[in-house]
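K.L.:
Provided below are the primary sequence and the corresponding predicted coordinates.
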Amino acid sequence: MNKEPLYQEWGHKLIPSSYGELNGKKRYYRVFYGTVHWHTADPENIHKACTVFVQYGATEDFEQARRKGEIRENYPCHIIEQDMDSVMAAMKELRERRY
């Protein structure tokens, strides 16, 4: 069995959502840039990717935010219309950095 992690974050931006809290924690879009490993669909390859997660809370460290349950990995991130430009700008900025 391949032990490559599913996600390896190289950089990210936390973009506050215009709407939404959960248990008093503000909703953010965590714009993730790094590698993803498609264990089942493409087990031999790791791909550079930009992924947007819903995050409730502002923990910067990806693994720590996951352990704290701030990052929602089980459902898609719905980017509301008024936040689209900010999220897209963050994706562009992260993609243009030299990692």
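P.N.:
Alright, I've got the coordinates. Numbers count the residues shown, from 1 in each chain.

K.L.:
hang on, isn't residue 48 packed against residue 34?
P.N.:
Yes. If you go by Cβ atoms under 8 Å, residue 48 and residue 34 touch, sitting 7.4 Å apart. The C-beta positions use only the backbone N, C-alpha and C, and glycine is treated the same way.

K.L.:
more neighbours, those two?
P.N.:
For residue 48 versus residue 34, the count of surrounding residues by other Cβ atoms under 10 Å is larger for residue 34: 20 against 11.

K.L.:
tell me what the more buried one is bridged to.
P.N.:
Residues in a beta bridge with residue 34, per DSSP bridges, are residue 9, residue 49.

K.L.:
residues of the lengthiest helix in the chain that come out buried?
P.N.:
When the chain is parsed with DSSP state H, its longest helix is helix 84-96. Residues of helix 84-96 classed as buried: 86, 87, 90, 91, 94 (neighbour count, 16 or more other Cβ atoms under 10 Å).

K.L.:
ok, which stretches of the chain are strands?
P.N.:
7-22, 25-37, 46-56, 71-72 (DSSP state E).

K.L.:
of all these, which one is nearest residue 98?
P.N.:
For the strands of the chain, the distance to residue 98 is smallest for strand 7-22, at 10.2 Å, taking Cβ to Cβ.

K.L.:
OK, contacts around residue 5?
P.N.:
When contacts are counted by Cβ atoms under 8 Å, 6 or more residues apart in numbering, residue 5 touches residue 37.
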